[in-house]
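**Student:** sharing a model that was predicted from the sequence below.
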Amino acid sequence: YVGQEKLRPQAGWAPLAFALDWTRPPRQQNSTSAFYAHTDQWRYETMNVGDLVSPTAPPGPWDGAIIDYNIRAERMGWLPSAPQLQTNPLQVAKDAAAAGLSAKDYVVRSLQDGTLKLACEDPDNPRNWPRNLFVWRSNLLGSSGKGHEYFLKHLLGTTHGVLGRELGPEGRATSAEAVWHDKAPEGKLDLLVTLDFRMSTTCVYSDIVLPTATWYE
């Protein structure tokens, strides 16, 4: 073994995982931002951006929550995210056709007048969080996911050991960009599927395990 095995199943996996039948190349969101929002770790975050700014940074409004800068980056198109909109894209296309506008013109107008909103601005809205999660070539709940207990509480809705306190009940400053819900959702996922030939921690928590799915054959 010299580390030269080919990841051959990727040829069949990629079109499904990245919706390549819709568009190429896919714009993939970084997992750090996705899980930070959807495991609700931002609701417990006591550090603000001002704590991280370099002492040589120019004067500026360097306050606010870390989630705020993720939302601003997504709003400006710098950071890909999914879902992007609170409205299903298929419905957006229908509404654009009914209005006699191209999809692009309709989306621009609707974002400007506020009738169409970005999903990242309200991550705890049931319309905006992920329902299905397929894990392949990663032990997400055992090693690679940071903030394990928050994954268990908010994504899976199972027994957890979260000791942190949410900012709202503590009377501390919360996000200026994200909508705050008094009760954070628990158990966002409807389905967790893991493809792994090892009995990993993620497999233990999964609804479905595909144990014969290998990586290099």
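**Tutor:** Good, I have the coordinates.
**Student:** all strands for this structure, in order.
**Tutor:** Ranges of strands in the chain, per DSSP state E, are 132-136, 191-195, 208-210.
**Student:** pick the most buried one from those strands.
**Tutor:** Neighbour counts (mean count of other CB atoms under 10 Å) averaged over each of those peak at strand 191-195, with a mean of 19. All C-beta atoms are positioned from the backbone trio N, CA, C, and that covers glycine.
**Student:** so which of the strands of the chain is nearest Lys146?
**Tutor:** Proximity to Lys146 (CB to CB) singles out strand 132-136 among these, at 15.1 Å.
**Student:** which outside residues touch that closest one?
**Tutor:** For strand 132-136, the surrounding residues in contact (CB atoms under 8 Å, 6 or more residues apart in numbering) are 13, 17, 155, 189-196, 202, 206, 213.
**Student:** center of the protein, which residue is that?
**Tutor:** Ala34 (2.5 Å; CA atoms, centre = their mean).
**Student:** leaving out sequence neighbours, find the closest residue to that one.
**Tutor:** Excluding the flanking residues, the one nearest Ala34 by CB to CB, 6 or more residues apart in numbering is Ser81, at 7.3 Å.
**Student:** is it true that the one you found touches Thr32?
**Tutor:** No. Ser81 is beyond contact range of Thr32, at 12.0 Å (criterion: CB atoms under 8 Å).
**Student:** which one's more surrounded, those two?
**Tutor:** Neighbour totals were compared for Ser81 and Thr32, and Ser81 leads with 23 against 10 (other CB atoms under 10 Å).
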